[in-house]
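K.L.:
I need the structure of the sequence given here:
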Amino acid sequence: MVVGTCRITLAIPEGESLKGKRSVVKRVIARVRATFNVAIAEVDDLDSWESAVLGFAVVGNDHRFVNQVLDKVVDHIEGLHLAEVEDHAFEILHL
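P.N.:
The predicted structure is shown next:
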């Protein structure tokens, strides 16, 4: 079993309040879930209105497949243009 995780930091330049930030984060999460079969959630910077940290995970039986899905999810989030991707980090575990 291969488990891939990613921690992605988003800058939300138009976020003027926590309510605005939550709206952007919910849209990003909903669109990723609708497109990919991944588990995704906001995991850090919960009280900061100008940034968000999302974590998502992919499980598969092939290292290459898991890596491709992680890359595609990050590219998809960048392509949404709802928030700027500041940083992301992958980790792939073989269990």
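
K.L.:
which stretches of this protein have low pLDDT?
P.N.:
15 (pLDDT under 70).

K.L.:
nearest residue to residue 88 other than its sequence neighbours?
P.N.:
residue 8 (4.2 Å; Cβ to Cβ, 6 or more residues apart in numbering). For glycine as for every other residue, the C-beta is placed from the backbone atoms N, C-alpha and C.

K.L.:
typo on my end, residue 13
P.N.:
Distances taken as Cβ to Cβ, 6+ apart put residue 84 closest to residue 13, at 6.6 Å, once the chain neighbours are dropped.

K.L.:
what's the spacing between the closest residue to residue 53 other than its chain neighbours and residue 93?
P.N.:
Nearest in space to residue 53, with sequence neighbours left out and distances taken as Cβ to Cβ, 6+ apart, is residue 44 at 3.7 Å. Distance check for residue 44 against residue 93: by Cβ to Cβ, to the nearest Å, it reads 20 Å.

K.L.:
ok, the residue nearest to residue 13 to residue 31 distance?
P.N.:
As judged by Cβ to Cβ, residue 84 and residue 31 stand 16 Å apart.

K.L.:
near residue 2, how many other residues are there?
P.N.:
For residue 2, the tally of surrounding residues (other Cβ atoms under 10 Å) stands at 17.

K.L.:
give the bridge partners for it, please.
P.N.:
Beta bridges link residue 2 to residue 60, residue 94 when assigned by DSSP bridges.

K.L.:
check the offset of the helix or strand hosting residue 77 from the chain's centre.
P.N.:
Assigned by DSSP states H and E, residue 77 belongs to helix 63-80. Remark: helix 63-80 is offset 9 Å from the chain centroid, using Cα atoms, centre = their mean, to the nearest Å.

K.L.:
just stretch 24-43 next, same as before
P.N.:
Centroid separation for stretch 24-43 versus its chain: 7 Å, with Cα atoms, centre = their mean.

K.L.:
residue 55: which element?
P.N.:
Using DSSP H and E, residue 55 maps to strand 51-60.
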